[in-house]
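Enquirer: Return a 3D structure for these sequence lines:
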Amino acid sequence: MSTKLFIKYMVSLRCKLLVKDELKKLDLHYVVLELGVIEILEDITKDQRRQLKKNLSKSGLEMMENKKSILIEKIRNVIIEMVHYTDKLPKVNYSDYISEKVGYNYTYLANIFSEVKGITIQQFIIIHKIEKVKELLIYDELSLTEISHRLHYSSVAHLSNQFKKITGSTPTFYKKLKEKRKGNLEDL
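Expert: Residues are numbered from 1 along each chain as shown. You can find the predicted model right below:
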């Protein structure tokens, strides 16, 4: 029988590698190792669970027991993976996508998320999309039009308005600011 564990703050490839190492140290074998979720092949003893929890916490990761926290972390991980680790965002509504991935009705998920996090799922998605825009602007490989298409904005103006609302500056100003900082560093 397998055991499912949920890990908070497990949001990158580095985190996955860290978790793999900790499982190996405890001689535990996994069937699934995704952002925020581990499915261990065997039953885990109380001592192994305690040791894993202790070892993960040293690296800033946290094993979760609370069902609401687990659900919130699943939602966060779906959004982070959707925005930051896929080349194209899904064509379906985000609500349908999240609901399908997490396995619950979207209204239920939205209510719990807002209650626990203090912001809506939509606001959380926007914040992460703007972070992705910043990343893409810094890499300077795509035009603003290409970025807006890639992140499913209806127009460059919509992206720019949302960017300014979240960051306080326009994407163009942000990009120039980054270039100016880079230039100043090169002059040192």
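Enquirer: Please give the number of neighbouring residues around the closest residue to Val102 other than its chain neighbours.
Expert: Spatially, and ignoring its direct neighbours in sequence, Val102 is nearest to Lys74 (5.0 Å; Cβ to Cβ, 6 or more residues apart in numbering). (Glycine included, C-beta is placed from N, CA and C.) Each residue near Lys74 was counted by other Cβ atoms under 10 Å, and the total is 20.
Enquirer: Number the chain from 373, please
Expert: Fine by me, first position is 373 from now on; the one you just mentioned is Lys446.
Enquirer: now for the helix or strand where Lys446 lies, which elements pack on it?
Expert: In this structure, Lys446 is located in helix 439-456 according to DSSP states H and E. Helices and strands touching helix 439-456, by 3 or more Cβ pairs under 8 Å, 6 or more residues apart in numbering; DSSP states H and E, are strand 375-380, helix 466-474, helix 478-489, helix 493-511.
Enquirer: mind putting the ones you listed in TSV, mean pLDDT and distance to Asp393 included?
Expert: TSV is the format used below for the helices and strands packed on helix 439-456 (pLDDT from 0 to 100; distance: least, Cβ to Cβ, whole Å):
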stretch	mean pLDDT	distance to Asp393
strand 375-380	86	13
helix 466-474	93	27
helix 478-489	92	30
helix 493-511	93	27
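Enquirer: mind giving me the domain split of the protein?
Expert: Taking automatic domain parsing as the domain assignment, the record places the domains of the chain at 375-437, 441-552.
Enquirer: coming back round to it: reformat the helices and strands packed on helix 439-456 into CSV and put distance to Lys440 and mean neighbour count next to each item.
Expert: Formatted as CSV, the entries for these read as follows, by distance: least, Cβ to Cβ, whole Å; neighbours: other Cβ atoms under 10 Å:
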stretch, distance to Lys440, mean neighbour count
strand 375-380, 11, 19
helix 466-474, 13, 17
helix 478-489, 6, 16
helix 493-511, 14, 17
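Enquirer: Any chance of those in CSV with distance to Glu406 as columns?
Expert: Compiled in CSV, the helices and strands packed on helix 439-456 are given as follows (distance: least, Cβ to Cβ, whole Å):
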stretch, distance to Glu406
strand 375-380, 10
helix 466-474, 11
helix 478-489, 18
helix 493-511, 18
